[in-house]
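Visitor: Can you look at this prediction? I've put the sequence above it.
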Amino acid sequence: MKRPLARAGIVAAFVVLAGIPWIASPSIVQFGINMLLLAALAQGWNIIGGYTGYASFGNSVFYGLGSYGTAIAMLRWHLPFGIGLALGTVIAVIFAALFGRAILRLRGHYFAICTLGLAEVMTAIVSNLEITGRNTGLVLPLLRGDVLFYELSLALVVVATLIVAWIAHSRFGYGLIAIRENEEAAAAMGVDTTRYKVLAFSLSAAISALAGGIHAYWITFIDPVSAFDIGLNVKMIIVTVFGGPGSILGPVLGAFVLSGISEVLSTEISTVAGLFFGAVIVVAVVFMPRGVADLIRRFDKYRWRYFAENVRANRL
Amino acid sequence: MDLLWQGLVNGILLGGLYSLMALGLALVWGVLNIVNLAHGAFIMLGGYACYYMFSGLGIDPFIALPVTMAALFVFGYLLQRHLINLVIRAPMFNTLLLTFGIDVVLTYSAQIAFSADFRTINPSYAGAHFTWLGATIPLVRMIACAIAIALTLLLWLFLARTRLGRAIRATAQNLVAARLYGVEPRSIYALTFGIGAALAGGAGALYGVVSQLNPYIGVSLTAKSFVIAIIGGLESPLGVIAGGLILGLVESMTSLYIGATYTDVASFGILVLVLIVRPTGLFGRTT
């Protein structure tokens, strides 16, 4: 019964978001671009982390490859932005497919840490290559068009969310969820686990790379440390888990809420902002471990008992 | 040749401290199945506790060390008992995220309480060193390494020989079976986490003597502890010693022959290789 209403709400929210650059101040638009790119990254992470259950720390590698692919194509080969973006994405997808086959055999924490190591190694390799401008990084041509980048980021969020919505109701998605819940059982049921995992990893990589490329052209400067920043990957995870991993709108909601909170905090009370941010994460994990999406879905039924139920379900 | 020998000695001295750093992380990971992202922050807190006892009260850092460890034990015990136990049955991401949140809180609290200045625990004998077979050995590094290895061996004995140690190992192997034999997991978990925090505190005190403290050292120390725990496996403290020594030697050799900026590449490169070849760690049991 609530379905059509929910859909209308989402479309209305999208229209409002798309219209924001024409009514809001430039600083809000810039905040919006960062928020939307984070939402897209979180949605990308949601595919491999939320649906497939593989805690990837390698998505910042794909983000970096997207940034560098775009930058190198535009600077060294003088290609237009669109082609550069496509090139960066293709590189990231190939990288994900090749390494995915090797490292997706690892389970749980081991996979997480292996991808963490991969990110460190990539940073070091890129800072030693001539074509990537070594440690100093690359400066891209300046394009003044926050509105364009805003709409581009919004489009990426929409595309990523549609992909996730498709995954949630497709045979492919059910396969991924089966892998998350019990990989042996999934394989026994005839899911080609390796192919599914590599596909999910590659899809995740494509979205991260697109976000990286857009961000690189918007900010017009990239260097190895910021392009392959693990902190960004941690952010993707926090936002997704806060919003609701394995849900369609959760990562987007998480990105909006947490970006908003951290923006307000850092302008109002900067000294204790970080402290408070940490406390928000701790409280959220304890009282709403399935994220904002689950809170919204079930709060009507349980009311305030919702929080107590969560603690009871997960405590020792 | 002399350079190589000195490099080896440096690597071993560094490796001993590394293994103590990673020990608590590996213990908690193995028993509670939690990767404690706040582990590095515990090391940092231990360092500051020792620093303030030394600079404020004039207590020798090596005497302040057990006090630091006791304080961190209580802190870790309470944290596990009253906070982390609340989410222990949630999926892995949630515990990971919770410890990340704790890490953020501790780091920023430390920044507010201790300021962002670099601190070093600097006793009068800090510069003392001796020469052995042509290699220069700084006295404090030697003592730090010896204490680190002694604590690791103590933990190994504790886990292997005492009733409590057996209960901890039983919990790690099979929680349900351990419960049937009368193990109370709530307090065992808190106790294990407390021991992990105490070991981190001890490592922090030693780190403060041989290196510099600031509120932000936690993240990179957590990452290093990860690498060591992976190389050494989670089965036994002795594996962690080996992992620490390997990492110390690799870092020392890399900075000697390739360049100091490459040490992280080497250590994380080894990590990726070890994981691809032997997913349970170099010394871990194969599954």
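Guide: Okay, I see it.

Visitor: and residue B:164, that's in a helix?
Guide: Yes. Applying DSSP: H, G, I helix; E, B strand; the rest coil, one finds residue B:164 inside a helix.

Visitor: pretty sure it is touching residue B:191, no?
Guide: Yes. Residue B:164 lies in contact with residue B:191 (Cβ atoms under 8 Å); the separation is 7.3 Å. For glycine as for every other residue, the C-beta is placed from the backbone atoms N, C-alpha and C.

Visitor: With neighbour numbers in mind, choose between the two.
Guide: Shown here are residue B:164 and residue B:191; by other Cβ atoms under 10 Å in any protein chain shown, residue B:191 has more neighbours (21 against 15).

Visitor: got the contact list for that one?
Guide: If a contact means Cβ atoms under 8 Å, 6 or more residues apart in numbering or on different chains, then residue B:191 has B:77, B:164, B:168 as its contacts.

Visitor: 6 Å - rerun?
Guide: If a contact means Cβ atoms under 6 Å, 6 or more residues apart in numbering or on different chains, then residue B:191 has no contacts.

Visitor: Where does residue B:96 sit: helix, strand or coil?
Guide: Applying three-state DSSP: residue B:96 is helix.

Visitor: which regions of the stretch 101-250 of chain A sit below the pLDDT cut-off?
Guide: A:130 (pLDDT under 70).

Visitor: Close to chain B: what parts of it are there?
Guide: Within reach of chain B by Cβ under 6 Å from any Cβ of the partner chain, the stretch 101-250 of chain A has these residues: A:102, A:106, A:109-110, A:113-114, A:117-118, A:120-121, A:124, A:241.

Visitor: Type out the ChimeraX command that picks the buried ones from those.
Guide: Buried members of those, defined by 16 or more other Cβ atoms under 10 Å in any protein chain shown, are picked up in ChimeraX with:
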select /A:106,109,110,113,114,117,118,120,121,124,241
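
Visitor: Return, as residue ranges, the portions of the stretch 1-150 of chain B with sub-threshold pLDDT.
Guide: Across the stretch 1-150 of chain B, the ranges flagged by pLDDT under 70 are B:1.

Visitor: what are the ranges of the strands in the chain?
Guide: Just so you know, I chose chain A. Using DSSP state E, the strands of chain A run over A:138-139, A:221-222.

Visitor: my question was about chain B
Guide: Using DSSP E, the strands of chain B run over residues B:129-132, B:135-138.

Visitor: Please name every helix or strand in contact with the first one.
Guide: Think strand B:129-132. strand B:135-138 (3 or more Cβ pairs under 6 Å, 6 or more residues apart in numbering or on different chains; DSSP states H and E).

Visitor: name the helices or strands packed onto the strand it packs on?
Guide: helix B:2-32, strand B:129-132.

Visitor: How about residue A:53: what's its closest non-neighbour residue?
Guide: Leaving aside its sequence neighbours, residue A:53 sits nearest to residue A:180 (Cβ to Cβ, 6 or more residues apart in numbering or on different chains; 3.2 Å).

Visitor: Quick one: neighbours of residue A:225, just the number.
Guide: Counted with other Cβ under 10 Å, residue A:225 comes out at 13.

Visitor: okay, now residue A:257: neighbour count?
Guide: 16.

Visitor: from what I can see residue A:29 touches residue A:150, true?
Guide: Yes. Between residue A:29 and residue A:150 a contact is recorded at 5.4 Å, counting by Cβ atoms under 6 Å.

Visitor: which of these two has more neighbours?
Guide: Using other Cβ under 10 Å as the criterion, residue A:29 and residue A:150 rank with residue A:150 on top: 23 against 17.

Visitor: list the contacts for the more buried one?
Guide: Contacts of residue A:150 by Cβ under 6 Å, 6+ apart are A:21, A:29, A:32-33.

Visitor: How much space separates the nearest residue to residue A:45 once chain neighbours are set aside from chain B?
Guide: Excluding the flanking residues, the one nearest residue A:45 by Cβ to Cβ, 6+ apart is residue A:236, at 4.2 Å. Residue A:236 sits 12 Å away from chain B, going by Cβ to the nearest Cβ, to the nearest Å.

Visitor: from the contacts of residue A:150, which has minimum pLDDT?
Guide: Of all these, residue A:21 carries the smallest pLDDT score, 81.

Visitor: Helices of the stretch 151-287 of chain B, start to end?
Guide: Taking DSSP state H, counting those that start in this stretch as the test, the helices found in the stretch 151-287 of chain B are B:163-173, B:175-180, B:185-210, B:218-232, B:237-257, B:263-277.

Visitor: can you list those in TSV and add distance to residue B:24?
Guide: Listed next are the helices of the stretch 151-287 of chain B as TSV, based on distance: least, Cβ to Cβ, whole Å:
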stretch	distance to residue B:24
helix B:163-173	13
helix B:175-180	20
helix B:185-210	4
helix B:218-232	8
helix B:237-257	10
helix B:263-277	19
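
Visitor: circling back to that earlier point, now tabulate the helices and strands packed on strand B:135-138 in TSV and tack on distance to residue A:71 and mean neighbour count.
Guide: Converted to TSV, the helices and strands packed on strand B:135-138 look like this (distance: least, Cβ to Cβ, whole Å; neighbours: other Cβ atoms under 10 Å in any protein chain shown):
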stretch	distance to residue A:71	mean neighbour count
helix B:2-32	37	23
strand B:129-132	49	11
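
Visitor: ok so, going back, could you pick out the buried ones from the contacts of residue A:150?
Guide: The neighbour count (16+ other Cβ under 10 Å) marks A:21, A:29, A:32-33 as buried among those.

Visitor: just those residues now: which is nearest residue A:231?
Guide: residue A:33 (18.2 Å; Cβ to Cβ).

Visitor: Go ahead and confirm the closest one touches residue A:152.
Guide: No. The pair residue A:33 and residue A:152 fails to qualify as a contact (Cβ under 6 Å) at a distance of 8.7 Å.

Visitor: Kindly report the residues of the stretch 151-287 of chain B close to chain A.
Guide: Residues of the stretch 151-287 of chain B that fall close to chain A, judged by Cβ under 6 Å from any Cβ: B:185-186, B:226, B:230, B:264-265, B:268-269, B:271-272, B:275-276, B:279.

Visitor: hang on, the earlier thing: of the strands of chain B, which is nearest residue A:293?
Guide: Comparing those against residue A:293 with Cβ to Cβ, the closest turns out to be strand B:135-138 (54.9 Å).

Visitor: roughly how far is the closest one from the heart of the chain?
Guide: 24 Å (Cα atoms, centre = their mean, to the nearest Å).

Visitor: Tell me how many other residues crowd residue B:145.
Guide: Residue B:145 has 25 nearby residues by other Cβ under 10 Å.

Visitor: which residues sit in contact with it?
Guide: Shown in contact with residue B:145 (Cβ under 6 Å, 6+ apart): B:13, B:16.

Visitor: can you rerun that using 8 Å?
Guide: Residue B:145 makes contacts with B:12-13, B:15-17, as judged by Cβ under 8 Å, 6+ apart.

Visitor: what's the distance between it and chain A?
Guide: The gap separating residue B:145 from chain A is 26 Å, by Cβ to the nearest Cβ.

Visitor: Quick check: nearest residue in space to residue 153, chain neighbours excluded?
Guide: I'll assume chain A. residue A:36 (3.8 Å).

Visitor: nope, chain B
Guide: Leaving out its chain neighbours, the residue that sits closest to residue B:153 by Cβ to Cβ, 6+ apart is residue B:237, at 7.5 Å.
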